[in-house]
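Visitor: predicted coordinates and the sequence they were generated for:
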2 protein chains.
Amino acid sequence: MPASRASVRKIAEPTVRRLSHYLRYLEAFERAGRGTVSSGELAHSGGTTSAQVRKDLSFFGSFGKRGLGYDTHELVAKLRQILGLDRAWRLVIVGAGKIGSALARHPGFRGRGFEVVGIFDADPNRVGHVLGGVAVWDVKVLESEIRHLRADIAVLAVPPEEAQTIATRLGRAGVHAILDFSTAPLEVPAGVTVRSVDLALELEVLSHALVSR
Amino acid sequence: MPASRASVRKIAEPTVRRLSHYLRYLEAFERAGRGTVSSGELAHSGGTTSAQVRKDLSFFGSFGKRGLGYDTHELVAKLRQILGLDRAWRLVIVGAGKIGSALARHPGFRGRGFEVVGIFDADPNRVGHVLGGVAVWDVKVLESEIRHLRADIAVLAVPPEEAQTIATRLGRAGVHAILDFSTAPLEVPAGVTVRSVDLALELEVLSHALVSR
DNA sequence: CCTAGATTGTGAAGGTTTTCACAAGCTCGT
DNA sequence: ACGAGCTTGTGAAAACCTTCACAATCTAGG
C-alpha cells in the first residue's frame, strides 16, 4: 500500500456511498473466506453494475487482477483507508431523547469503528445517568467536555428549535462533522460537514413512489 | 437496478427530495402568513439556486406569477399532491427494539401525514404491550394483520439476519413501500420500493469528509 | 395608462455521472 | 507451454442534472 495516506482526492458523494456499500459486502465475502471478488459480484450485492464498480475503484488506482478479480483483504484495507476507517472516530451524541438514547445504545457503531464517548442533554433528570455505558453530561459544559473527550463527530438529536444553536457551539468546540437528525436547516461555519437524516423526508420519497407507480 | 416501474412521470430522486424540502419551507412561509414566495427565497432556504427551484417546479406545469412569485397555498397544495401527501398513509413498524420503539413514539410522523397503525415483534415479552398508543402484535400474524390494518408502508427495524425474510413477507402482504433500517441488502419483488437508512454508512461518509479536508 | 422593477418559464450550454465496448492481462486445465 | 475463458481498466458515448441567460409577463405606483 502506498505510504502517502493524506492524498485523498475529491470524490463525488454518490461514489463515497457506493464505496461504503462495497466495503460492507466485501467484509461479508471476507468472513465467508473468499480470497477474491469480481466487480460483477460486488455489483450484484450492491445493486449497481460491474462497470460502475470498476470505474469507482479505478479512481484510486488499479489493484484488481485481470481474469481473477480483486483481492478481498487488499480491497477491504484500501477502502478502509480511502474512507478514513483505518482509525477509530470518537463520537458524541447531543440530545438524550428518544432518538439520541436509541443511538447511544445501538451496538452497530462501535463494531464499525465509531465509539460513542459522551452524551449531552439539557434535562437535569437525565444528566449524570449512564446510557449504553456512556455518561450523560449537562449540555452547558458542551464545549469544554467535547475538547476533553477529543470528539471528532457529533450526532445532533435535539429538538429543531435548538439545532442551530448547538450546531454553532459544536463548530466552535472544534467538531468538524455533524450527523443531524433534526429537520431544521443548519448553517454551519466553513470546514464543518453536515449530513442530515430526515425520516419524514424519506417517508415522503416513499409516498411519491407509491402514487407514481 | 433501480426498479423502473411504468411510472406516469419520471422524476429524478434528487428532484423529489428537493420538492420535499421546498414543501417544508413553504409550510413555514405559510405559517408566517406569506401569501407569495419567490423561487429565490425558496432556494435560499433550501440551499440551492432559484433556477433549480423554477426548473423543478416547471416540470409539473407553470403555476407561478411572473413579477410576483408563487402563491403559497397553491404551491403547498400542488406539492402535497405531487408527493402523494394529499392523503394519510398508514404505517406499520416491524421490530420493537431500540430503533423501532423510538420511531413508534416519535411524534413527527403523524404531524406529517404518516400514521403508525401497528407494531410487530417476535419477542413474546413485547407482544401485547402498547407503544406510543399503538398495539404490538406478534410477528407471526404479520400478513393477516397488515391486511386488516390496511398498511401502505412498513418500517423495517429488525436485526439484519431477519430483514430479508420480513421484507419478502411484507411484499406478499401487499406492502409496496419499505423504509429499511437494517444494513442488509434487500431483494424485493418488483413493485416494492425500498429506501434504506444506514446510519453507519452516513457516519462513513462523514469519516471520508474528515480525512479528505 | 405607462414606466420601473421584479420574477417566471425555458431553450441552450455546461458539467457530471453512468453505461458501453473492447483491448489487455491473468489463471487454469490440459 | 498454450489456448480457452474470465475479468480488469479505460477511452468514448450516452444519459442525466445543473446553471445560464433572457424574453415574456406580472405588479405597483404615479
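Guide: All right, it came through fine.
Visitor: in chain A, what helix or strand scores lowest on average pLDDT?
Guide: None of the helices or strands of chain A scores lower by mean pLDDT, DSSP states H and E than helix A:108-111, at a mean of 87.
Visitor: which other helices and strands contact that one?
Guide: strand A:114-121, helix B:199-211 (3 or more CB pairs under 8 Å, 6 or more residues apart in numbering or on different chains; DSSP states H and E). Any C-beta I mention is one placed from the backbone N, CA and C, and that applies to glycine too.
Visitor: repeat that for 10 Å
Guide: strand A:89-94, strand A:114-121, helix B:199-211 (3 or more CB pairs under 10 Å, 6 or more residues apart in numbering or on different chains; DSSP states H and E).
Visitor: next, see if the last one gets close to chain A.
Guide: Yes: in terms of CB under 10 Å from any CB of the partner chain, part of helix B:199-211 sits within range of chain A, namely B:199-211.
Visitor: name all residues that make contact with the single nearest residue of chain A relative to DNA strand C.
Guide: Nearest to DNA strand C, among the residues of chain A, is A:Gly67, at 2.3 Å (CB to the nearest atom of the strand). Residues near A:Gly67 by CB atoms under 10 Å, 6 or more residues apart in numbering or on different chains: A:Ser38.
Visitor: helix or strand: which one has it?
Guide: In the assignment (DSSP states H and E), A:Gly67 maps to no helix and no strand.
Visitor: and it, backbone torsions?
Guide: Reported as degrees, to the nearest 10, the phi and psi values for A:Gly67 are phi 90, psi -20.
Visitor: what's the pLDDT at it?
Guide: Predicted confidence (pLDDT) for A:Gly67: 93.
Visitor: and what of A:Ala6?
Guide: 34.
Visitor: can you put the helices and strands packed on helix A:108-111 in TSV and add distance to A:Ser58, mean neighbour count and mean pLDDT?
Guide: What follows is the helices and strands packed on helix A:108-111, written out as TSV (distance: least, CB to CB, whole Å; neighbours: other CB atoms under 10 Å in any protein chain shown; pLDDT from 0 to 100):
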stretch	distance to A:Ser58	mean neighbour count	mean pLDDT
strand A:89-94	27	25	98
strand A:114-121	29	22	97
helix B:199-211	18	21	95
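Visitor: excluding chain neighbours, what is closest to A:Glu30?
Guide: Leaving out its chain neighbours, the residue that sits closest to A:Glu30 by CB to CB, 6 or more residues apart in numbering or on different chains is A:Thr72, at 5.0 Å.
Visitor: can you report how many residues lie near that neighbour?
Guide: Using other CB atoms under 10 Å in any protein chain shown, A:Thr72 has 19 neighbouring residues.
Visitor: what's the answer for A:Ser39, then?
Guide: There are 22 residues near A:Ser39, going by other CB under 10 Å.
Visitor: what's the first helix or strand after the longest helix along chain A?
Guide: Ranked by residue count under DSSP state H, the longest helix found in chain A is helix A:13-31. Of the helices and strands lying after helix A:13-31 in sequence (DSSP H and E), the nearest is strand A:36-37.
Visitor: ends of stretch A:154-168, what's the gap?
Guide: This stretch, stretch A:154-168, spans 12 Å end to end (CA to CA, to the nearest Å).
Visitor: and that stretch, does that touch chain B?
Guide: Yes: for stretch A:154-168, a contact with chain B is found by CB under 10 Å from any CB, at A:154-155, A:157, A:160.
Visitor: ok now stretch A:158-169, how far from the chain's centre?
Guide: How far stretch A:158-169 lies from its chain's middle: 20 Å, per CA atoms, centre = their mean, to the nearest Å.
Visitor: give me the residues contacting it.
Guide: A:93-97, A:99-100, A:120-122, A:139, A:142-143, A:146, A:154, A:156-157, A:175, A:178, A:180-189, A:192, A:194, A:196, B:108.
Visitor: thinking again about what came up before, show me the contact partners of the least confident helix or strand of chain A.
Guide: A:88-89, A:91, A:93, A:103, A:114-116, A:132-133, A:155, B:99, B:160, B:182-183, B:198-200, B:203.
Visitor: now do 6 Å
Guide: By CB atoms under 6 Å, 6 or more residues apart in numbering or on different chains, the list of residues contacting helix A:108-111 from outside reads B:Ala200.
Visitor: repeat that for stretch A:49-64.
Guide: A:15, A:18, A:39-40, A:42-43, A:70.
Visitor: check these against DNA strand C, which are close?
Guide: A:Thr15 (CB under 7 Å from any atom of the strand).
Visitor: buried members of the contacts of stretch A:49-64 into PyMOL, please.
Guide: In PyMOL, a selection of the buried entries from the contacts of stretch A:49-64 looks like this (16 or more other CB atoms under 10 Å in any protein chain shown):
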select buried, chain A and resi 18+39+42+43+70
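Visitor: sitting in strands, which of the contacts of stretch A:49-64 do you find?
Guide: A:Tyr70 (DSSP state E).
Visitor: and the two most separated of the contacts of stretch A:49-64?
Guide: With CB to CB as the measure, no two of the contacts of stretch A:49-64 lie farther apart than A:Thr15 and A:Gly40, at 18.6 Å.
Visitor: what residues does chain A put near DNA strand C?
Guide: A:12, A:14-15, A:48-49, A:51-52, A:54-55, A:65-68.
Visitor: now with 6 Å, please.
Guide: Chain A comes close to DNA strand C at residues A:12, A:14-15, A:48-49, A:51-52, A:55, A:65-68, as judged by CB under 6 Å from any atom of the strand.
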